[in-house]
Each structure stands twice: as C-alpha cells, then as structure tokens.
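Novice: kindly return the folded structure for what I paste below:
(chains A and B, ligands or ions: 2)
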Amino acid sequence: MGRRHKRLKTASELQRLMQWHYASLRLPRLGRPLAWVTSGAPVEILRAMGVAVAYPENYGAICGAQHQATALCQQAEAEGYSPDLCSYARTSLGAIFQPHAAPMGGLPKPDLLLACNNICSTVVKWYEAAADSLHVPLFVLDTPFIHRELTPQMSAYVLTQLDELVEFVERSCGRRLSAERLRRVARQANETVRLWGEIRAMCRARPSPLNAPDLFVNMAPIVVLRGTGGAVRFYRHLHSEVAERVRDGVGAVSEEKYRLLWDNIAIWPQLYRFYNYFVNYGACFVADTYTGAWSMEIPQGDIMKGLAETYASVYLNQSLEYRARRMIDLIKEYDVQGFVMHSNRSCKPYSLGQYAIRRMVTQETGIPGLVVESDMCDERAFALEPIRTRIQAFVETLESMGGSHTTQPVVEGTGVR
Amino acid sequence: MACPWREGARRTRKSWSDYCEGEVTVEGRRTTGVAAGPPPAADASRGLWLADPYSDWPARYPGRRAVGYFCSYAPLEILHAAGLTPLRLFPVEGTVAQADAVLPPFSCALARSTTERLLLGELSFVEAVLFVHTCDTMQCLADIWRMAGTDLKVINFPLPAVLSARGARELVQAGQRELLRALEDELGRHVTDESLRASVALYNEQRRLLSELYAWRDRLPALRLWQLSMAGFVMPVEDHISLLQQSLSVAAGADGESRRGPRLAIVGTVLHEGSILDLIEELGGQVVADDLCTGERYLQSSVELHEDGDPQTALVERTLARPVCPAKRHADRDAPERLVRLARSRGAQGVVFVLPRYCDPCGFDSVLQRRALDTEGIPHLTVETELTQPTGQLRTRLQAFLELLSPG
Ligand code: SF4
Ligand code: SF4
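Specialist: Ligands and ions are numbered 1, 2, ... in the order given. Alright, predicted model coming up:
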C-alpha cells in the first residue's frame, strides 16, 4: 500500500468481512446450493430462495489486485481463449482449469450459474464456457439494451424471465421462493444501496474524504453481499467514518488541488501505484461511474416488477448519451475539473463508446478528458512510461486551465489516446 | 463450358468486390454480372464501383433508397416492403484513419471499416441504418453512429439475446412493430400487409435459389459461390434473383466436376474476404459446408407464409427458427453440437475457423467448438482475420492442414 494512501479505520473490518465471505463459501452449506452469478444479476431472488452466491468478477478483481490474474489468463489462453477476451472471464476460466494455481484454490464449485447480460454479452459466453467445464446448469437472464428508453415490452420480457428463473432454481435445486424473505432481502439491499449512495455523495465535500482506490475497495460488499445484514452493518460503520472525515475536514489526498472523475473499471493490479501518480499532483478522484453502477434501489410495490425494471436499467445497459449525461451530472454535482477514462481492452461495452462520450461531455462542460489505455486485470496491457507521460500532460492541461472551473477554452481531451 | 469465373477471380486479391470484376461480362439481359442496374459509364468507374460497393451505389441504382444494415437477423422483408433497398455494410479493405478517432484499437474490422465509410461521408446516400442487437461492439456502434453528427438515422432493433427465453417471441414481435413505426414516423414509409407479403415471397425466392446454388457446391468454385452470395447483400433483391437464375443455368450446364481432395467446413461470421476459399481449392481442398452469416446462416430456413397467415408472425417464426449466430443463445441448440452435426452431415473431414480479431462471440464459441471437434476426431485450423490481406503464411498453414487430411 502506497504511503500516500490514507488508510480508513474500517479497512480491517472490510478485510474481515470479505475473508469471512470467501471462507463461508467453503463451509459445509448444509444442503444450501451455491450459485455463481454476474455482478448485475438479481441476486435478491437467489438469496430469498436460500441459495448461496459467489461472484467470479469480484474474484477476478481480487486476483488482479494480487497480481495473480495474468498467470490465470495465460492458463485460459493455453486452453484456446484469445488474449483479446475479457480478463475477468479469462481469469475465472483459468482458475477453473487450474484451481491449484489460483488464489484460494479458485471459487468452490457451484451447483448452478446465473448470468445477466445487463453489463455485457461477454458474461453469456463466459458462463456458457463455465457451464461446459463444470457441468452445471446455466440460466441466462436477458435484459434488452436501452438505446432510448425502457419500453413496457422490454420490462415485460425481463419480468417473464424472472418467473422462469424462479422455476429454474426450483427445478435445479428444489428451492422455493419465499415472498416474505424476498421482501426482507430487498429491504436490506435497498438499505445498503442507500448507505453507499450517501457515502459517495459525501465526496462532494472539499476536500473529498475518499479517493478512487477507496471507492473501488469499498464497493466489494455492495456487489458480493448485497441484500445481507453484514453489508448493512459494514456500510453503517463506513458511513460514520466518512462523515467524520468530512466533519473534520480530512481529505483523502493531503492537499486536494484537482477534483477528477473516473470512468470504467479500476486497474486492479495498479490500484495504489496508478492513482498515486495523480495524488502526487494533488489530484483526487472524487467520483466515478463504476462504483455507482450498484446504486440502484428496488422500487416499492411489486418486488418482481421492481427487480425487472431496476436490473434492466443499470448504467452499462443504457446508451452512451445516457452515460455521458450521467457524467455531466457528476461533474456538476462534485465540482469536477477533469475526467479520466480507462480504455479497458477487456471490456467493450464500457470502452468502445468512450470517445463519443468524451466529446459530448467536454462539449457540454468545457472540461478536459484523458483516455488511458490499459486493462483491469491483465498486466501485460499496462505500459508504465507512456501512461505517466500522459498523466503529466493532462495535469499540465488542468493547470493551464486555472485549476478550477472554467467553461472555456474547450479542450477536446488532450489528444492523448 | 469452361469455368467463366475462375480467371478474373484469381488474379486480383484486393477486396471481395474485386472478385466480382471477372463476372461483369457474364451474359445476361438486364443484369451484367454483379453490376446490375444501368451500365457504368466507363471502365474506370466500373472498377471503382467494384472495388467498393458503397461509393458508387447511388449512381448505380438511381431512384433506389438504401437502408444500411449489418446483421443477417435484420428483417429485410420489412425494409423492402417499405420501399427501401437493404444494403449490407461490410468491411472494405483500405486504411482506417478517421475511425481511429472514435473507436479504440481493440474494435473489430467490421466496426472500424464501416465507421471509416461513415465518417468519410461515403454513406450519405443511405437513409437510415438498422442496428439489430447482436454483440457488444454493435451495441456501442449503434450509439456511436447516432452521436457521430451525420444526418444518418439510426434505428435499433431489440433482438433477444436468448432466443429460447420465455417471452422472446413477444419481444421480436414488439421489435417488428417498433420498426414499422420508426419507418413510418422517421422515414414516412408505410408498409401494407400486401407489400410485406410480396417482399416475403421475393426473399423466400432469393433464399431458395441460393440454397439450390449451394447444393451445387461441387459445380462452382467456392469463391464464385461466395461472390454470388455477397453480391446479394449489396444489390437489390430483384437483380440478385436474376443473377442467381442465370448462374443456376450456367451451373446446370457445367459438368459436375467430380472433386476429390479433403472436404472442409468454414466457420465464422461475415466472411468479407473470399480469397481463402480460392486458396483452399488451389491447394486441393474443397469447401462442402459453412456456418457463416454471409453463407448458410443467411439462407437456411424460409419464412413460412400461408394463404391467410399473418406475414409478421411468419417473420417472427423464422427469426426464432433459423440457424443461431454466435452472438445469440438458444438453450437447446448449442454451438459445438451444431457444428459437429454440420460437419458430420456433410461429410466434412476438417473445419477451418475464419475468425475476425476482437470478435468476442466467435472467440468464445470457437474454443468449445474446437474441443467438440477434438472429441469427434475432426481436425481444425483457425485463421484470424483483420482488415488486411491473408499472408503467405496462411498458404503454408492451409497446405499443411490439407496434407494432414489427405490420405496417404
Ligand atoms: S466484458 Fe466488461 S462488463 Fe463484461 S464481464 Fe468483462 S469486464 Fe465485466
Ligand atoms: S459479431 Fe464479431 S465481427 Fe460481428 S460485429 Fe460483433 S464483434 Fe464484430
């Protein structure tokens, strides 16, 4: 951990929580089935049916942060997967092929798989491959992409599949859905979402109490333990610690000079090192588009319908214009002076449209955007020197713009690709 | 008669449309080879058109209103019934410069090359582009094109990703209704039941003729068959039907060359470059089957339209019944099994995967497919393509592969 990173007091609690989560997956589950699910899947239904869940994407991020992902990717490549495919997928498949070489011995073998394509189409193919190797049933929940708006036909389609999903779980592991339990899980999920939303919102303060690595690390429970009491407790503690920082005027970056917005998944193997380049210039990422992707509350009323609409409308399942508008909102709300887009070669849905988004955001806000090419897990895609030079040039642009909000001149990015 | 196509085809190895140059002289009434429509003013301009079907398209088909599309799932019948001429967008060989400013380097050739055309203004004659939901790349491209600041209208078609999902039928139906509304509202084009029936009949006829031609794979050079299929995607269906009729009569007159040599199946998405087919034959192999969205995936299964049946429902049924593309899932028809069945039924001894680089659906599918082929003892070879020409290395690899398959 870099010296320039101010450690949160709740950090050890987070560590314990996540360790407990991974350990609990290995405990005898007394007949409780285990599902592997994608980060955007409606896990509330599984929890309400008494199914334990594991998240290969989170596992991938952990492997990435521990510098283990690249080797696992290579294992997948040896089995025929192209190095151009998503590195979470390759990491996870590599760990299936070579569990002994994987952190924690890989994820425990599931009884069923659930993939929801609201984040990408890759998960469908990845989970098909996993189902093939693990010989377990797979359910794919299809959420049509929202180019303009969520139409009633689209939500009806998703809702129908949620019923199909319940039947699938009943059929493959004899579990029943309890309406009461579903309500409780949804309530807890909403509570987590609310707390996490408030924590992120506190970064509007000057100086910001959190920086990007804090956000990335602390989002784990909202993904992995969404809808559980453990997550609610953790976020309450984090909430009060962050509130305390704001009250005391403690910033994540000692002398906050520039406030930035981050787009795309973290560069896990470089979590502290990469962001410290910015810290050196007094630049703090006060907001991002990634950790907010889990901030969606399930509306009151008919829970299944609410789940269908909520999960169909997640950030990555919406148009580039929508995403650009969200970034523009964040820039205004958080008083941001520049944005950095991680062009993540793993993740096409997140990355292919970034130039279009950058143009729209810069046109409307007048603030510059930097595009950095890398990968969230595969260290072979991280080129230190060029990235350092780009960051330096970008900060110089910020400097020349006066360090605070200017509506002109309009700098179309920094010409950096 | 001697093979009228082989000659011109083999000499030039530039882009797929170049191969059509040799056939401009094929005898015909209205249709002179691929270059249907009014004959080009000069040879020079003809050459230009053939090297790139887009830049000269409006001059070639005056009065025609083009609607662009990418995917073989596009409901062409509906577009046609609206009085539009569907024009499929393919990669065209050439440098990509403009597109680099809007797409990262890890985008597929199809996305990059077509975006280049768009940004160079070469598609300004196209009234609208229909994006059928397929892969992540196309999903992004639809928005990128809409935001590119050109006049081109973008229409989205929400095809389910899971074709076996409960409710998939209703979603396709809703998508078709949406499309009809968009054609009406945005392009002022009305589709009647009658015109839709007529268009369905035309496309059924086109697919029927194509299937007939495909059944004669042993009489036609693979490259020629590929040209004839590709031409159909960039010319009016009426012209394509006449071209196919002519070609069928030519093929009927040709000797059924009793081919020998290893029998291959070709697997991929859009095969935008056909020289590999020629190379296979040159090296003594034969192509007996394909699973390509510019090949059999397009032509298999027709729209079952009955006397008093509703044409829209019939279209939906075909969408759900036709061969599944790598970007789609059908719970009961998985890709490895499909391929093994295809290879077995056609007696293919080997499979050649021609995969565009950065194509995720193919990248994943092909691994499981190769594994299934291994289990069945069917050898395979994988060729990765980008915008550039196949290299000499390909020849060597194919040669070695064919030798492996040749007995003795
Ligand atoms: S392609 Fe992107 S969204 Fe999909 S699994 Fe990979 S990183 Fe996640
Ligand atoms: S399916 Fe593959 S080749 Fe086709 S557009 Fe998508 S990524 Fe490109």
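Novice: identify the single longest helix in chain B, thanks.
Specialist: helix B:193-215 (DSSP state H).
Novice: how about the residues of chain B near ligand 2?
Specialist: B:108, B:110-111, B:134-135, B:137-138, B:269, B:327, B:356, B:359-362 (C-beta under 6 Å from any ligand atom). Using the backbone N, CA and C atoms, a C-beta is placed for each residue, glycine as well.
Novice: relative to ligand 1, which of these is nearest.
Specialist: Using C-beta to the nearest ligand atom, residue B:360 comes nearest to ligand 1 of the residues of chain B next to ligand 2, at 7.8 Å.
Novice: for that closest one, what are its contacts?
Specialist: A:84, A:85, A:86, A:121, A:122, A:125, A:348, B:135, B:136, B:137 (C-beta atoms under 8 Å, 6 or more residues apart in numbering or on different chains).
Novice: start to end distance for stretch B:116-136?
Specialist: 19 Å (C-alpha to C-alpha, to the nearest Å).
Novice: how about it against ligand 1, any contact?
Specialist: No. Against ligand 1, stretch B:116-136 shows no contacts by C-beta under 6 Å from any ligand atom, the least distance being 7.0 Å.
Novice: mind listing what's buried in that stretch?
Specialist: B:116-119, B:122-123, B:125-136 (16 or more other C-beta atoms under 10 Å in any protein chain shown).
Novice: poorly predicted segments of chain B, please.
Specialist: Along chain B, the parts satisfying pLDDT under 70 run over B:1-51, B:256-258, B:389-390, B:408.
Novice: where does it get nearest to ligand 1, residue-wise?
Specialist: residue B:136 (7.0 Å).
Novice: surely that residue touches residue A:120?
Specialist: Yes. Contact criterion C-beta atoms under 8 Å: residue B:136 and residue A:120 qualify, at 5.5 Å.
Novice: rewinding a little: residue contacts, the residue of chain B closest to ligand 1?
Specialist: By C-beta under 8 Å, 6+ apart, the neighbours of residue B:136 are A:120, A:121, A:122, A:348, A:349, A:352, B:360.
Novice: a markdown table for the residues you listed, including secondary structure?
Specialist: Shown next, in a markdown table, are the contacts of residue B:136 (DSSP: H, G, I helix; E, B strand; the rest coil):
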| residue | secondary structure |
| --- | --- |
| A:120 | coil |
| A:121 | coil |
| A:122 | helix |
| A:348 | helix |
| A:349 | helix |
| A:352 | coil |
| B:360 | helix |
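Novice: adding distance to residue B:232, write these out as a markdown table.
Specialist: Listed next are the contacts of residue B:136 as a markdown table, based on distance: C-beta to C-beta, whole Å:
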| residue | distance to residue B:232 |
| --- | --- |
| A:120 | 33 |
| A:121 | 28 |
| A:122 | 32 |
| A:348 | 30 |
| A:349 | 32 |
| A:352 | 29 |
| B:360 | 27 |
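Novice: tell me, which of those residues make contact with ligand 1?
Specialist: Counting by C-beta under 6 Å from any ligand atom, A:120, A:122, A:349 from the contacts of residue B:136 sit close to ligand 1.
Novice: picking that back up, in strands only, show me the buried residues of stretch B:116-136.
Specialist: B:126, B:127, B:128, B:129, B:130, B:131, B:132 (DSSP state E).
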